[in-house]
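Participant: return atomic coordinates for the entry below.
(one chain, ligands or ions: 1)
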Amino acid sequence: MKKLVLLLSLLIVAVSATAQDYFLKRYTPFQANISTPEAFLGYGIGEQHTRHDLIVAYLSSVAQQSERAKLIEYGRTHEGRKLVMLVVSTPDNLARLDEIQSEHLKSIDPSNSSQTDTQLPLIINLAYNVHGNEPSSSEAALLAAYTLAASDHAEVQDYLKNAVIFIDPTINPDGRDRHTYWANMYKASPLVADPQDAEHNEYWPGGRTNHYWFDLNRDWILAVNPESQGKLNWYHQWYPNVVTDFHEMGTQSTYFFEPMKTNGSLDPIMPKENYEDLNEMFGGYFSKALDSIGSFYFSREVFDGTYPGYGSSYPDLQGGLGLLFEQASSRGLKQTTAFGEITFAFTIRNQFVSSMATLKAATENKAFMRNYQRDFFKSALSRAAKNPVKAYAFSEPDRNKAKAFLTLMERHQGSGTQRR
Ligand SMILES: [Zn+2]
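Facilitator: Residues are numbered from 1 along each chain as shown. Okay, here's the model as predicted:
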């Protein structure tokens, strides 16, 4: 009997080691005192959809166990769920976070003529799951949090030294949990891959939107929801150099990263370096990373980045680089496609690998990213100086409307707005 128990437990260890290896092997060794997502949740990543309260609980346990991480709360959703970010960097950087913040803001201030300190860590926002029923990305956020907090791999050490990373695991927790409950409720044993199965077909309204069925990936400019208001408030305290925006698309596809289609998706007020230098440079890193795990992908053919209320466009308009990713959705735990079966774990791995490639691309080009953001704000002023329009005046007899307009301007830090 004892032998059987030993054999069984060895088998369980072997199985979980394989499940971990699927995602994490590249970043060994890991510190033993920090819980893996699997040990904390009681199931392997990709075997279940993780509720938002468990995501918050895991990140807060990482913050307690690791001296590289701390948890901040930036708001609450309509349904009272916490909006959080795990801030990860070296212990030294975390200890001087206020100083890094003020140096960073000084470096992008066009009125500051002193030399940019290109050695200052970058500010990177790994943000996930704005559409609640595109579930792979929040699971990838847990893997990214664990890897950055626990891995002693040399590359991870470089990322931590050269960046302060804000992991926002769930931009839309209310929508995510609607989908999470749906998918877990209809999960069957054995798993069902039939696309017609209930697990893959939520009832309307589904989990894409927030509590009021508002698409938060349109709200960055309108900012009528607490999720976006909290995020914008944080945004204008930090002006990140890079911001990710992870999505899912139709099941019969592969993986998409920027550049987007050039025909009709170029914003005329954007410096061409955003499209020509940054997107090209990052794209090279993404294709290499996805090649290393044998995943298919494409770029350039689709998607549009001109609407400023997208999570991948707003950062571009603030001197950073916004990055859209789209993974073919398994929706449930696995699904039959025209090309075979797609599993939840496979979709999570692509998002995780692209998250880590984002950190690699940014930190290996730190000086370039810093100079780009400084020049962005400088060139905005020099272009404005050449423009014959110097200001817009408006008059609105309805004081509530005028107030709403001014509040909106202030949410975006419209520094030139004056009340008369
Ligand atoms: Zn989406």
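Participant: check the secondary structure at the residue nearest the centre of the chain for me.
Facilitator: With distances taken as CA atoms, centre = their mean, Ala127 lies nearest the centre of the chain, 1.8 Å away. Recorded secondary structure, Ala127: strand (DSSP: H, G, I helix; E, B strand; the rest coil).
Participant: show me the contacts for it.
Facilitator: Applying CB atoms under 8 Å, 6 or more residues apart in numbering to Ala127 gives the contacts Asp168, Ile171, Val243, Thr244, Asp245, Phe246, Gly311. Just so you know, the C-beta spots here come from the backbone N, C-alpha and C atoms, and that holds for glycine as well.
Participant: can you rerun that using 6 Å?
Facilitator: Ala127 makes contact with Asp168, Ile171, Thr244, according to CB atoms under 6 Å, 6 or more residues apart in numbering.
Participant: now do Gln335
Facilitator: Applying CB under 6 Å, 6+ apart, we find Gln335 in contact with Ala193, Pro195, His200, Thr251, Ile342.
Participant: host element of it?
Facilitator: strand 334-337 (DSSP states H and E).
Participant: got the buried residues for that strand?
Facilitator: By neighbour count on 16 or more other CB atoms under 10 Å, the buried set for strand 334-337 is Lys334, Gln335, Thr336, Thr337.
Participant: assess the claim that the third one and Leu191 are in contact.
Facilitator: Right, Thr336. No - with contact defined as CB atoms under 6 Å, Thr336 and Leu191 do not form a contacting pair (11.2 Å).
Participant: about what we covered before: now list the buried members of the contacts of Ala127.
Facilitator: Buried among the contacts of Ala127 by 16+ other CB under 10 Å: Asp168, Ile171, Thr244.
Participant: same list (those) but as a markdown table, adding secondary structure, distance to the ion and pLDDT.
Facilitator: Shown next, in a markdown table, are the buried ones among the contacts of Ala127 (DSSP: H, G, I helix; E, B strand; the rest coil; distance: CB to the ion, whole Å; pLDDT from 0 to 100):
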| residue | secondary structure | distance to the ion | pLDDT |
| --- | --- | --- | --- |
| Asp168 | strand | 15 | 98 |
| Ile171 | coil | 10 | 98 |
| Thr244 | strand | 13 | 98 |
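Participant: ok, those vs Ala362, which is closest?
Facilitator: Nearest to Ala362 among the buried ones among the contacts of Ala127, counting by CB to CB, is Thr244 at 10.2 Å.
Participant: can you give me the distance of whatever residue of the stretch 51-200 of the chain ends up closest to the ion to Phe394?
Facilitator: Using CB to the ion, the single residue of the stretch 51-200 of the chain nearest to the ion is His131, 3.6 Å away. Separation of His131 from Phe394 (CB to CB, to the nearest Å): 34 Å.
Participant: appreciated, that's everything.
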